[in-house]
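*Asks:* Sharing a sequence plus its predicted fold:
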Amino acid sequence: MRGADHCQPGIVRFMPAVMNDPEKQARLAQALRDNLRRRKAQARAAEGTPAAAPEDGAGEPDKSPPSSSG
């Protein structure tokens, strides 16, 4: 019988986890980031919380130490 050992139950063959294509890695990383942003936005909408500020840092508080003018 041809290929009988290929479909035996309990035998799992995995593809190697090595990615040698940097463009593919970049596309996948971007897709993961986009997916995470979308899921967070959906979670915020489900909670009734307003949407977050853009990622360019415009909505983030100033992280520099407060200046003492007194």
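*Replies:* Yep, it's here. Numbering: from 1, shown residues only.

*Asks:* Low-confidence ranges, the chain, go.
*Replies:* Residues of the chain meeting the criterion pLDDT under 70: 1-8, 14-17, 19, 49-70.

*Asks:* now the helices: where do they sit in it?
*Replies:* Using DSSP state H, the helices assigned to the chain run over residues 22-47.

*Asks:* mind checking how far V18 is from P9?
*Replies:* With distances defined as C-beta to C-beta, to the nearest Å, the gap from V18 to P9 amounts to 28 Å. Every C-beta, even on glycine, is put in place using the N, C-alpha and C of the backbone.

*Asks:* try Q25
*Replies:* Computed as C-beta to C-beta, the Q25 to P9 distance reads 34 Å.

*Asks:* what about the two, which has more around it?
*Replies:* Each of Q25 and P9 has its neighbours counted (other C-beta atoms under 10 Å); Q25 has more, 11 against 5.

*Asks:* The more buried one and R39: what is the separation?
*Replies:* 21 Å.

*Asks:* Next: R33.
*Replies:* In this structure, R33 lies at 11 Å from R39, with C-beta to C-beta as the measure.

*Asks:* got it, and A46?
*Replies:* When A46 is compared with R39 (using C-beta to C-beta), they lie 10 Å apart.

*Asks:* now swap in L28 and tell me
*Replies:* Using C-beta to C-beta, L28 is found at 16 Å from R39.

*Asks:* Repeat that for N20.
*Replies:* From N20 over to R39 (counting by C-beta to C-beta), the distance is 29 Å.

*Asks:* Brilliant, that's me finished.
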